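K.L.:
Next input, structure requested:
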Amino acid sequence: MKKMLFSFLLMSMLTLTGYTQDATQQPANPNAAEITFVKTVHDYGTIVQGANGTCEFKFTNTGKEPLILSRPQSSCGCTVPTWPQEPILPGKSDVIKVTYNTQNMGPINKTVTVTSNAKTSRVVLQIKGTVTQKPATTAPEKNPDQTAVPISK
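P.N.:
Predicted coordinates for the structure are as follows:
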């Protein structure tokens, strides 16, 4: 009997908890801003150590209200995003610049999470590729002709 009473109370609490959560959620705003990216992945391919690691992710506010971006978060300190600070009006476009420090050799697989007031409040941007070592510079070969004499004035 105690187990049955306990089970009933537990089920009642779970039902009420679910009901209160549903009641507090607000319906989605049909006029909200909407962020649409041209691409969400940038592939550097093979890039040389020390090369320019900056790329751009172009987006458009396809919603009906101004789009406000929060501070994008990168997955690593070697990846630095730059984003527009002002609201993006409906129909307008802008870019998020991402700069990767190409001093470290090896594979690149980093993300930048963009948070905004859009219907899809989080979008993950990705950069990938491989950083290779700079090719060795070769000095010009010396003339093997030992009989050559410098010209003096």
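K.L.:
Can you list phi and psi of the most centrally placed residue in the chain for me?
P.N.:
In the chain, the centroid-proximal residue (Cα atoms, centre = their mean) is V112; its distance is 2.4 Å. Main-chain dihedrals, V112, degrees, to the nearest 10: phi -130, psi 120.
K.L.:
Quick check: bridge partners of it?
P.N.:
For V112, the beta-bridge partners are S74, L125 (DSSP bridges).
K.L.:
Now do the SS call for the residue nearest to K64 when sequence neighbours are not counted.
P.N.:
Using Cβ to Cβ, 6 or more residues apart in numbering and skipping residues adjacent in sequence, the residue nearest K64 is N31, 4.2 Å away. Where you see a C-beta, it was placed from the backbone N, CA and C, and this is true even at glycine. Look at N31: counting by DSSP: H, G, I helix; E, B strand; the rest coil, its state is coil.
K.L.:
begin at 56 from here
P.N.:
With 56 as the first residue, the last one maps to N86.
K.L.:
just to revisit the earlier point, would you confirm that the residue nearest to the centre of the chain contacts R177?
P.N.:
No: V167 is not in contact with R177 according to Cβ atoms under 8 Å; the separation is 11.0 Å.
K.L.:
on that earlier part again, quick one: residues contacting the residue nearest to K119.
P.N.:
118-120 (Cβ atoms under 8 Å, 6 or more residues apart in numbering).
K.L.:
In a markdown table: these, plus secondary structure.
P.N.:
Formatted as a markdown table, the contacts of N86 follow (three-state DSSP):
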| residue | secondary structure |
| --- | --- |
| G118 | coil |
| K119 | coil |
| E120 | coil |
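K.L.:
Fine by me, thanks again.
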